[in-house]
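Q: Give me a 3D structure for the following:
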Amino acid sequence: MDKPKKSVRRKTSGVTIDEVAARAGVSPMTVSRVINQGKVRDTTRERVMDAVRELGYTPNLAASTLAAAQHTRVALIYTNPSGAYLRELLVGLLRVASNAAIQLVIDYWDTLEPAAERKAARALSGRVDGVILPPPLCESPAAVSELVKAGIPVIAIASGRLGDGISCVRIDDFHAGKEIAEHLIQHGHTRIGFICGRHDLSASARRYEGFVTALDEAGLEVESGLVQHGDYTYRSGLDAAEKLLSHPRPPTAVFASNDDMGAAVISVAHRRGLDVPRDLSVVGFDDSSAATTVWPELTTVQQPIGAMADAALELLLRSIRRKGEAPLELTDHLVPHRLVVRDSVARPPKRR
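A: Model prediction:
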């Protein structure tokens with residue numbers, strides 16, 4: 001005897017989107033498009049809706065919310081920062097964007113002049129809902145002013161300049177720079193070299209100010225010959241390190257404004273036959289992957305890039321949702337930093 005057929009109608013909680021897709025002979029993505037009023041053929045839409053009615057399927061509200069979020073497009077614009085810094089920022093943003101079902105658009109603006117940046121910003125503003133600007137573009141007057149004029153919510157990462165119509169997510173670079181300089185002073189160093197970051201970034205200036213304050217409070221002078229300029233690249237770190245270590249009275253320690261330049265200092269020291277940290281102590285900044293791919297590994301300041309990416313996207317989504325409802329509320333969001341002590345610092349060598 002044939003078994004009686006079971007009713008095709010089931011409890012709502014037991015029906016999945018995959019079952020609807022199988023009944024309609026389409027993919028789960030097509031079912032999602034139909035439910036969220038996406039663009040599909042009329043015959044396909046009818047077939048899917050027939051399956052929905054037959055199975056008694058009710059869309060999950062949380063899933064619908066995520067599907068709607070997929071229409072939110074956020075752009076990350078970058079131009080030649082530290083490779084290690086950019087990788088960690090990208091990983092953090094991609095993870096958060098994936099969890100929130102946001103479409104992340106990545107734009108590369110290297111070597112653009114201000115006029116070209118304005119043109120690119122105008123073109124971008126017509127196809128995204130919000131923009132994240134890491135250094136150095138976070139402080140580009142051309143890019144920032146054009147995006148703000150277009151009414152696009154913008155979040156700057158690692159910028160201390162609040163007031164240009166954009167919000168910021170950053171660490172306290174002044175106190176971080178002061179803290180790591182004090183770490184060297186506590187180990188007995190009195191001749192400390194410093195490699196600056198990009199001259200057009202406020203974060204670079206704040207780190208240097210923290211360094212100078214630490215030396216001043218310890219009764220130490222900042223010798224001009226022990227301060228060299230870099231631009232956050234490994235190559236600029238090599239050039240700066242050669243100048244510092246060629247000084248008639250070279251420093252016993254070097255504070256590099258990021259880990260790429262710190263790794264370069266270690267490379268130059270090794271090439272000159274110096275032992276790190278026995279002959280020369282070196283510290284970096286950011287705690288990027290560059291800090292742990294050299295020997296010895298760098299003592300550095302951890303700039304929690306993943307947490308900064310999370311905070312930036314949260315602030316940006318809040319601004320996007322409130323767009324047009326109220327005046328834009330600018331936020332200066334501080335993320336805690338941390339001193340990471342490794343093996344690149346020791347007491348200065350005894351005078352021979």
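
Q: My guess is residue 181 contacts residue 255. True?
A: Yes. Contact criterion C-beta atoms under 8 Å: residue 181 and residue 255 qualify, at 6.0 Å. Where you see a C-beta, it was placed from the backbone N, CA and C, and this is true even at glycine.

Q: can you list the weak-confidence ranges in the stretch 101-250 of the chain?
A: 161-164 (pLDDT under 70).

Q: Between residue 181 and residue 255, which has more neighbouring residues?
A: Counted by other C-beta atoms under 10 Å, residue 181 and residue 255 do not tie: residue 255 has more neighbours, with 31 against 27.

Q: any idea how far residue 138 lies from residue 49?
A: Per C-beta to C-beta, to the nearest Å, residue 138 is found 47 Å from residue 49.

Q: Can you name the next helix or strand after the helix or strand residue 155 falls within?
A: Applying DSSP states H and E as the criterion places residue 155 in strand 154-157. Using DSSP H and E, the next helix or strand after strand 154-157 towards the C-terminus is strand 167-170.

Q: Residues touching that following strand, excluding its own?
A: 138, 154-162, 203, 308, 311-312, 315, 319, 330-335 (C-beta atoms under 8 Å, 6 or more residues apart in numbering).

Q: go on, stretch 214-221?
A: When contacts are defined by C-beta under 8 Å, 6+ apart, stretch 214-221 is touched by residues 177-179, 181-182, 185, 190, 192, 222.

Q: again, only this time at 7 Å
A: Residues outside stretch 214-221 that contact it (C-beta atoms under 7 Å, 6 or more residues apart in numbering): 178, 181-182, 185, 190, 222.

Q: what's the answer for stretch 147-165, then?
A: Under C-beta under 7 Å, 6+ apart, the answer for stretch 147-165 is 121-122, 125, 130-135, 138-139, 144, 166-170, 173, 202-203, 206, 308, 312, 315-316, 319-320, 323, 330, 332.

Q: Swap in 6 Å and give it another go.
A: 121, 125, 130-135, 138-139, 144, 166-170, 202-203, 206, 308, 312, 315-316, 319-320, 332 (C-beta atoms under 6 Å, 6 or more residues apart in numbering).

Q: Stretch 318-338 too?
A: Stretch 318-338 is contacted by residues 129-130, 153, 162, 167-169, 171-172, 176, 301-302, 304, 307-308, 311, 315 when judged by C-beta under 6 Å, 6+ apart.

Q: Write the ChimeraX selection for whichever of those residues are buried.
A: This is how ChimeraX selects the buried members of those, with burial counted by 16 or more other C-beta atoms under 10 Å:
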select :129,130,153,167,168,169,171,172,176,301,302,304,308,311,315
